[in-house]
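> This is the structure alone, sequence omitted:
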């Protein structure tokens, strides 16, 4: 039976994940997902594409969203009282202008030391109203695009087999930074055709394929680039019709709810794959 095999949210864009047994699914995705963003002093977002050491930052946030702790090997933990009322400052994400609330000099110093680059930490403002693209529009915080990134276990298993066939090492699933991994689908890439999904009363609408970038080359435990895989193998069989290497799917949230590991996943509308 198709089911939620794992849940992940990423409090700080580009940093490490939290893996809960259950989570609130909001209109912008799993609660607290990509609600913070590290930037340059000028407000331009930092990403593992250019700053792979972001993977070394392990943030945790309490359910209320009022207290966050930043951890990384070699640094003392930093507890932050989250500011949701401070002045709004301009920030930039993929060239698009947004606003954020600066989380202060302590966070800036800690992140600058960890990343070895001058940095600031911003929280998405409560009034943030971002329209995401794709077949079903939605909203999200500081995610690359849509609210939810979904992969299936069968899709990951197929990639593992192809890597092994090429004599390459296995690649951990955390390279792909998915919010939901779905188990119980026998056919790889079923998520490409699952255009409406319900999970415990919540409903997702297919937006677009997840086009992969250099982040999948980053060792999420070492915070460094680690060779050409899996992008090289994916390029051999996962070219999207509109261009790019597709692996996984982005969804908009049509109806929020609470979802749990083990919840049944029901496809209510099927469509054609864009790959």
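Arrived safely. Predicted model only: the values in this text are computed from it and were never measured.
> Would you map the helices across the protein?
For the chain, helices defined by DSSP state H occupy the ranges 105-115, 153-165, 231-235.
> quick one: which of those helices is nearest residue 261?
Closest to residue 261 of the helices of the chain, according to C-beta to C-beta: helix 153-165, at 12.6 Å. Every C-beta, even on glycine, is put in place using the N, C-alpha and C of the backbone.
> How about the closest one, which residues are buried there?
Residues of helix 153-165 classed as buried by neighbour count (16 or more other C-beta atoms under 10 Å): 153, 154, 155, 156, 158, 159, 160, 162, 163.
> Excluding covalently adjacent residues, which one is nearest to the fifth one?
Counting by C-beta to C-beta, 6 or more residues apart in numbering, the nearest residue to residue 158 once its immediate chain neighbours are dropped is residue 188, at 4.0 Å.
> Could you do the fourth one as well?
With C-beta to C-beta, 6+ apart as the criterion, residue 156 has its nearest non-adjacent residue at 5.4 Å, and that residue is residue 173.
> wait, doesn't that neighbour sit right on residue 183?
No: proximity of residue 173 to residue 183 does not meet the contact threshold set by C-beta atoms under 8 Å, at 11.8 Å.
> neighbour count winner among these two?
Neighbour tally, residue 173 and residue 183, criterion other C-beta atoms under 10 Å: the higher count belongs to residue 173, 20 against 16.
> if I pick that one, what's in contact with it?
Neighbouring residues of residue 173 by C-beta atoms under 8 Å, 6 or more residues apart in numbering: 151, 156, 181.
> Show the pLDDT at it.
With respect to pLDDT, residue 173 scores 95.
> any idea how far residue 137 is from residue 208?
Going from residue 137 to residue 208 by C-beta to C-beta, to the nearest Å gives 11 Å.
> beta partners for residue 22?
For residue 22, the beta-bridge partners are residue 260 (DSSP bridges).
> That one: neighbouring residues, count only.
Residue 22, neighbours per other C-beta under 10 Å, totals 14.
> Same check on the one 3 residues further on?
Neighbour count for residue 25, taken as other C-beta under 10 Å: 27.
> can you check the one 10 residues further on too?
With neighbours defined by other C-beta under 10 Å, the count for residue 35 comes to 27.
> what are the bridge partners for the residue lying closest to residue 79 once chain neighbours are set aside, then?
Spatially, and ignoring its direct neighbours in sequence, residue 79 is nearest to residue 69 (5.2 Å; C-beta to C-beta, 6+ apart). Here residue 69 sits in beta bridges with residue 60, residue 79, as judged by DSSP bridges.
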